[in-house]
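> Requesting a structural model of the entry that follows:
(4 chains)
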Protein chains: 4
Amino acid sequence: MLRFGVIGYGYWGPNIVRNLRALEGCQVAGICDQTPAARKRIQAAHPGIPVHSDFHELVKSPDVDAIAVITPVWTHYELAKAALENGKHVFVEKPFTSNAAQAEELINLAEQKNLQIMVDHTFLFTGAVRKIQKLLKEGTLGNLYYYDSTRVNLGIFQHDCNVIWDLAPHDLSIMNHLLDKDAEAISATGQAHLNAHEDIAFITAYYPDKMIAHVNVNWISPVKVRTTLIGGEKKMLVWNDLEADEKLKIYDKGVDVKSQEGVYNLLVSYRSGDMWAPQVEQVEALKLELGYFVECIKKSEAPFNDGRTGLKVVRMLEAATKSLAKRGELVYV
Amino acid sequence: MLRFGVIGYGYWGPNIVRNLRALEGCQVAGICDQTPAARKRIQAAHPGIPVHSDFHELVKSPDVDAIAVITPVWTHYELAKAALENGKHVFVEKPFTSNAAQAEELINLAEQKNLQIMVDHTFLFTGAVRKIQKLLKEGTLGNLYYYDSTRVNLGIFQHDCNVIWDLAPHDLSIMNHLLDKDAEAISATGQAHLNAHEDIAFITAYYPDKMIAHVNVNWISPVKVRTTLIGGEKKMLVWNDLEADEKLKIYDKGVDVKSQEGVYNLLVSYRSGDMWAPQVEQVEALKLELGYFVECIKKSEAPFNDGRTGLKVVRMLEAATKSLAKRGELVYV
Amino acid sequence: MLRFGVIGYGYWGPNIVRNLRALEGCQVAGICDQTPAARKRIQAAHPGIPVHSDFHELVKSPDVDAIAVITPVWTHYELAKAALENGKHVFVEKPFTSNAAQAEELINLAEQKNLQIMVDHTFLFTGAVRKIQKLLKEGTLGNLYYYDSTRVNLGIFQHDCNVIWDLAPHDLSIMNHLLDKDAEAISATGQAHLNAHEDIAFITAYYPDKMIAHVNVNWISPVKVRTTLIGGEKKMLVWNDLEADEKLKIYDKGVDVKSQEGVYNLLVSYRSGDMWAPQVEQVEALKLELGYFVECIKKSEAPFNDGRTGLKVVRMLEAATKSLAKRGELVYV
Amino acid sequence: MLRFGVIGYGYWGPNIVRNLRALEGCQVAGICDQTPAARKRIQAAHPGIPVHSDFHELVKSPDVDAIAVITPVWTHYELAKAALENGKHVFVEKPFTSNAAQAEELINLAEQKNLQIMVDHTFLFTGAVRKIQKLLKEGTLGNLYYYDSTRVNLGIFQHDCNVIWDLAPHDLSIMNHLLDKDAEAISATGQAHLNAHEDIAFITAYYPDKMIAHVNVNWISPVKVRTTLIGGEKKMLVWNDLEADEKLKIYDKGVDVKSQEGVYNLLVSYRSGDMWAPQVEQVEALKLELGYFVECIKKSEAPFNDGRTGLKVVRMLEAATKSLAKRGELVYV
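Residues are numbered from 1 along each chain as shown, chains lettered A, B, ... in the order given. You can find the predicted model right below:
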C-alpha cells in the first residue's frame, strides 16, 4: 500500500485526491493547503483524511511514502526537494520547476536517494496522444514535416508567469514525446498587453531532419481552439481536442516530388484520398497516469515522464522566454 | 472609354478579362500570352479580341490606355516599367515586385508620367474586409491587441518563391489596410522540405502600441484553413473566410484589468456576452476593384491600393525572407 | 425544512439526491431502491441517509413530506398514488404516467388532498429554453410558423417503451411550454427493427393558427443530433443543444408576402440580415427545478410543470402511439 | 452527331446548353424561350445558335434529333408529347409530369416510336450518390433500416406547386435508386403559411422489409441543410452535401441484438468503431448525365433514369400530396 501526501488543494488538487483514493494499492495519508478555505473544502469532501496547514508535517511523516506537489510552479523546487530529502517519491505538477538548475538538482537528489519523480504531463496519457504515438510508431504518417498546435482561449490570466509557461508545457511535452527527438533551437515572439507577462505568444522549435514545430498560445482569444496539425510525408493528421467523437482525422493527402532537375522542372504531384477517424479510447488520463506512477515506484523504474522529461520542457520554456525578450532571436536549447 | 491591354492569361488572367469586359466605361483592346495554349484559350473564349504573343505590341499600341500585368512576380518590374514608359496606367498582380528597389523605381516613374498604378490586393475589396474596416473605424473592437491569421492548405507549390511570397501578401495587405499603421519589425521562421523554398512559415509583425500580428502560411496542410482572429480591448472578432454565410463573428468578450497594485493584486475580470454575425455584402471583389481603378484613372487620383501600398507589402516580404534565413531574428522593416 | 424520500436510484436518481442535498430548506430523509447493487451505491455515496428496499416504508413515514419517484414509467402511477394517499407531495419523472387515465386520477387525488405534483420536465429549466421563451414572449420571432426538432443518437434501447415515449417527452413538453397552445391532432410514423418497439419515429403535431410541429426521434443514428428550428414571421431561430457556447442563433431572415392577386402575382420577398447568438445562462436545470418545487410547496402553488402539464404530454404520447399503429393516420388529442 | 433543341432558358436551361455544347458527338441546333429577356440572354451567350420563341419550330425541325424540356412542370406533358410525336428523343426536367397518367402516356408514346426519354434526376450522377450506391451494392452497410433526409433552406417559393413537388423529387429519386425497391405507401404532413401551397412538409415512405424513409423539406428555414442519414445493420452513413471535402462519413457503429427471450432479456449491444470518409469523385453530374443520354440514344437503350423511373417519382409525389390533404393518412403508391 503506497501512502500519498498531497500538497495543494486548489483547482487541480481535488482531481489528484479523487483519483488516488479510487486507485487500488494506494491511499491518501494527508492533504495540506495553506488556505483555510481550501482546508474546509478538504474536510467536507474527504472526512477522515488528516488535513495539514504546514507541509513539513506531511513530508516528514513516517506514514507517507510519496508526495504529490500540486502547487504554483515557483514552489515546486522547495516542496519537491523537502520531500526527496525526507525519502519520499515525488509527483509534481507541470512545469516541473522554474528553471533548469532546480530541475537538475532534484533529478540528482532523487537518483542519489533511489526515489522516483513523475512530472504531471497528463496529456501524454490521453487516448488521443496514445493513438497518435501508435500511428507514428507504425510509420503511418511517414517522415514528419511539421507539428503545428494552436491552444487559445479567454483567460485564465496567471499572475506569476506568461502564457508560454502556462499553456505551452502541454504542447512541448507532447511534441517531445511524439517526435522522440530533442528540439535544437527555439524562436519565440509575443506581446504583453495587460500586465508584464505576455498574454499571446508564438513559438517555433527547430528539430533535426527539417522537422519544425510551432505553438500558438493565447489567453485573449474569443474562441477556444485546441487544434494540432501534423504533416507527414505519407499522411497528415488533424487533432481537434474539442471534438467529442472524432478527435483525430488522418488524411491520405500529400505531396510527391518526382524529379528535381532545376527549379522549373520540379514535378510536384498531389495525393488526395480517403479520410479516416480512428476511434480514440476514452479514459481518464489522470487515472492512468497515477496508476502508472504507483507501478513505477513498485518496480523501482523511472516513468517515461520522469524528471528528465520535465527538465527538457523547462529548458524549452527557458529558451522560449529568452527568445521572446529578444523578439524572435534564435536560442539554442 | 478606357482601353486595357492584358498581359498574362494563366490562372487569374481570365477573371481580369471577364470583369474588364463586363465593366462600363472600359474595354479590352488586346490580350498577350507567351504560351500558344493560352492564346488558343483566349481565342475560344473571346473571339474578336486581338491576341498577342509579344507584350511590346500591347505596351506600345496607341489603342491602349492601361496595361494589366497578370504574370509571375519576377516579370512585374520589366512589364510594368515598359508600360509606364509608354504612358500606360498599370494594374499589376500582387506582390507588386520582387524587391523594394523595383517598386520604388516604378512608383517614381508613374509619378513623373502622371500615371496610376494599382496593385491587385483583391481581398481589400471583399465584403468581409470592408465590413471589418467599418467596424474598426467605428471603434467597435476598441484598441487592438492582436491580428492572427492562418492560411493553410495543400499546394499549389510555386517554383519561383517560398510560401510567404505566395500566400502572405493577402494577410500583410489586409493587416496594413485595417490597422492603418506600419509594421516596425518582423520575425519569421519556417522550413523547406521538398525543394529550396520554404513550404511552411510563421511571421510575427510588431506594430506600434503593442499591436502584434501573426501569419501562419503552409502549402502542406491536409485541411484548408482561412481563419483570422482579431483581439480588441472591447470586442473580439473571428473571420472564417470559408464559411458561406457567417464569415464574421463578433464576440462581446474581453478582459478588464481593474487595478495593478503589485503582481498579485492585479484584478482581471472577464466579460462574456452575446455573439453577433453581421451580414457581409456578397460582391465580386475583383469587379469592384477594377471599377474603382477606372474611376481613379478618370479622376487622376491615386487608389488606396496604389504602388506605395504594394511597396509596403514588398518591404514586409523582404524583411520576412531575411528573418527566415536567420531563423527568426528580428528585421526592421 | 422539507423532507424528501427518493424512490429509485438508477441513472437519474443520484442527480436528484445530490441536488436535493445541496438545496437550502430541504433534506433527504431516505432513499429506496429494489436492487441490492443500487442500495450499496447509495450507502457508499450517502452514508448516514437511511436506505430502504420497500417503498412503503418511505411513503408511510411521518418523517417524509414529499416523494420523488425516479423509476420506470410503468411504476409511476402506483408509487405516486401511494405517496399522495399518504399525504406526500410528489415529484415524478417524465413521462408522468403510462396513460392519461392514470394521470387524471393522480391529479384529482392531489387536488383533494391539497398536495403538489411536479413532473420532471427538466429541459424547461435550462438556460436555452428559458431564453427562447423570453424571446417568444417579447415577440422577437413574430407569429410562429413551425417548430422542428431532431433528437437522434445511438441507443439506449428501452425495453418497455418505444422511442417516442423515451425521447419525445422532451420535445413535446418544450413545444407546449413555448407555444403556450395545445396541439389539436397528431400524425406519427415509424418503424421497429430490433424488437417490438419502434426505434425510429416521426411525429407531426398540428397546432392552431397553422402552427405545425415536427419531432424526429431515433435510437439508431450514427451521430448525435439535438437541433431545433423555430420559424417565425419576423425572425427564425436555430437551437443546437450540443454547442457549448452558441446554443441559440437568431436569424434576421424571413419571407414577406406583398400581395396575392392570383397565384402568379404573389410577390414574395426574402429578408436576410444579421445573425445573433444571445448568451445563454449556464445553470444546472435540475437544481433550479427542485428549488422551484420547494418554493411551490411552501406557497401551496401549483408549479407550471404540474400534473396537468404532464398529462398533456401523456395525451400526445398516447395519440402518437395510436397514430403510429395506423401508420400516420391523424389522431385528435 | 446528335442535334438538340432546348426549350426553356430560365435558371437551369443555361447549364443544359453549356454542357451540351461542350459534349462530343452532339450539338445545340436551336434554343427556344417565350420570354424576350431570355432570348436576349441566349443571343449574348451563344451567338450563332438559332433562337426561337415558338417551340413548334424546334420540335418539328428536321435538323433536331432530341428535345430538352427545361420548363415548369405543368408544361412538360405538352412539350414532351409534341417532341415525341415528331420523332424526337426527350430529355425532361424533374419532376417528369404533373401526374401519373401523363407520364404513362408519354412512356407509351416513346415505346411506340422507339424513342428514349430521360428524366433529369441530376443527383443520381453526382459522385456522392454513385459512391453510396457502390457501398450499398458491396453490402458495406448491411440490411438497411432507414433513410432520413433533410433538405431545407430559405426560398425559392414556387407559385405553381408545393414544397414537396419542388424539393422532394431529389430525395425520392435518390431513395428509389439506392434502395432498388419501390415504396409501398406514403404518409405526408405539412402546412401552408403564405399561400395555398405547403411551404413545409414531412414525408414518410414505407418500403418492404421494415425499411422506412423520411424526407423533411422546407422553404422557410433560416439555415440551409442537405443532410441524409442512412442506417444499416452493419454500418451507418451520413451524407452532408454541403461539405466541400468530406461529404460522406461511414460509421462503424451499430446495434447487435443477442437474444430475445422475453422483453427484459433482450440483450442489445452497441458497436462503436472508426469513422471513414471515402473520397468522392468531383465531376459535373449534369455533364455525365447528358453524355450518358447521348450514349443511350446511340445504343437504343433505355437509361436507368428513364420515363419509368420518372413515373415512380411522380406516383410518390401524387401519393404524398393526397396524404398531405388528409393530414398524414396512409396512401398506397
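> who's in contact with residue A:293?
The neighbourhood of residue A:293, defined by C-beta atoms under 8 Å, 6 or more residues apart in numbering or on different chains, consists of A:66, A:89, A:91, A:116, A:118, A:303. All C-beta spots, glycine's among them, are computed from the backbone N, C-alpha and C.
> if you set the cut-off to 6 Å instead, what comes out?
Contacts for residue A:293 (C-beta atoms under 6 Å, 6 or more residues apart in numbering or on different chains) come out as A:91, A:118.
> for it, helix, strand, or coil?
Using DSSP: H, G, I helix; E, B strand; the rest coil, the three-state assignment for residue A:293 comes out as helix.
> What's the separation between it and residue B:149?
Plainly put, residue A:293 is 42 Å away from residue B:149 if you go by C-beta to C-beta, to the nearest Å.
> residues making contact with stretch A:52-63?
By C-beta under 6 Å, 6+ apart, the surrounding residues in contact with stretch A:52-63 are A:3, A:5, A:7, A:29, A:30, A:32, A:64, A:67, A:82, A:83, A:86.
> who's in contact with residue A:120?
With C-beta under 6 Å, 6+ apart as the criterion, the residues that contact residue A:120 are A:93, A:94.
> try 7 Å this time
Under the criterion of C-beta atoms under 7 Å, 6 or more residues apart in numbering or on different chains, the contact list for residue A:120 reads A:91, A:92, A:93, A:94.
> before we move on, what about residue A:132?
With contacts defined as C-beta under 7 Å, 6+ apart, the neighbours of residue A:132 are A:178, A:237, A:239, A:248.
> how about the strands of the stretch 101-250 of chain A, start to end?
Remark: strands of the stretch 101-250 of chain A, listed N- to C-terminal, are A:117-120, A:144-154, A:185-191, A:200-206, A:212-218, A:220-232, A:236-240, A:248-257; assignment by DSSP state E, counting those that start in this stretch.
> tell me how far the first one is from the chain's mean position?
Mean C-alpha position of strand A:117-120 versus that of the full chain (C-alpha atoms, centre = their mean, to the nearest Å) differs by 10 Å.
> show me the biggest helix of chain A in terms of residues.
Using DSSP state H to assign secondary structure, the helix with the most residues in chain A is helix A:307-325.
> Tell me which residues are up against it.
Where contact means C-beta under 7 Å, 6+ apart, the residues beyond helix A:307-325 that reach it are A:94-97, A:99-100, A:103-104, A:106-107, A:110, A:117, A:119, A:164-165, A:168-169, A:172-173, A:176, A:182-183, A:186-190, A:198, A:201, A:203, A:205, A:329-331, A:333.
> same check, this time on stretch A:66-76
Under C-beta under 7 Å, 6+ apart, the answer for stretch A:66-76 is A:2, A:4-8, A:12-13, A:16, A:58-59, A:79-80, A:83, A:88-93, A:95-98, A:160-161, A:165, A:297.
> and the next helix or strand after the longest helix of chain A, which strands flank it?
Proceeding C-terminally, helix A:307-325 gives way to strand A:331-332 as the next helix or strand, assigned by DSSP states H and E. Looking at strand A:331-332 with DSSP bridges, its paired strands and their directions are strand A:185-191 (antiparallel).
> In the stretch 201-333 of chain A, where is pLDDT below threshold?
Within the stretch 201-333 of chain A, the set of residues satisfying pLDDT under 70 comprises A:257-268.
> Straight-line length of stretch A:296-314, end to end?
23 Å (C-alpha to C-alpha, to the nearest Å).
> Please compute how far it lies from its chain's middle.
Averaging C-alpha positions (C-alpha atoms, centre = their mean) puts stretch A:296-314 12 Å from its chain's average.
> interface residues of the stretch 101-250 of chain A facing chain B?
When proximity is defined as C-beta under 7 Å from any C-beta of the partner chain, the stretch 101-250 of chain A approaches chain B at A:145-146, A:154-155, A:157, A:159-160, A:185, A:187, A:189, A:191, A:193-195, A:200, A:202, A:204, A:206, A:210, A:212, A:214, A:220-223, A:229, A:231, A:236, A:238.
> Show me how to select, in ChimeraX, the buried members of those residues.
Only the buried members of those end up in this ChimeraX selection, burial being decided by 16 or more other C-beta atoms under 10 Å in any protein chain shown:
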select /A:145,146,154,157,185,187,189,191,193,194,195,200,202,204,206,212,214,220,221,222,223,229,231,236,238
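> sorry, back to before: near chain C, list only the ones from the contacts of residue A:132.
Filtering the contacts of residue A:132 for proximity to chain C by C-beta under 7 Å from any C-beta leaves nothing.
> now, among those, which is nearest to chain B?
Within the contacts of residue A:132, proximity to chain B (C-beta to the nearest C-beta) peaks at residue A:237, which comes in at 7.3 Å.
> Near that closest one, how many other residues are there?
For residue A:237, the neighbour count with other C-beta atoms under 10 Å in any protein chain shown is 23.
> what residue ranges in the stretch 1-150 of chain A score low on pLDDT?
Segments of the stretch 1-150 of chain A classed as low confidence (criterion: pLDDT under 70) are not present in this model.
> all helices for it, in order.
When assigned using DSSP state H, counting those that start in this stretch, the helices of the stretch 1-150 of chain A occupy the ranges A:13-22, A:36-45, A:55-60, A:76-85, A:100-113, A:127-137.
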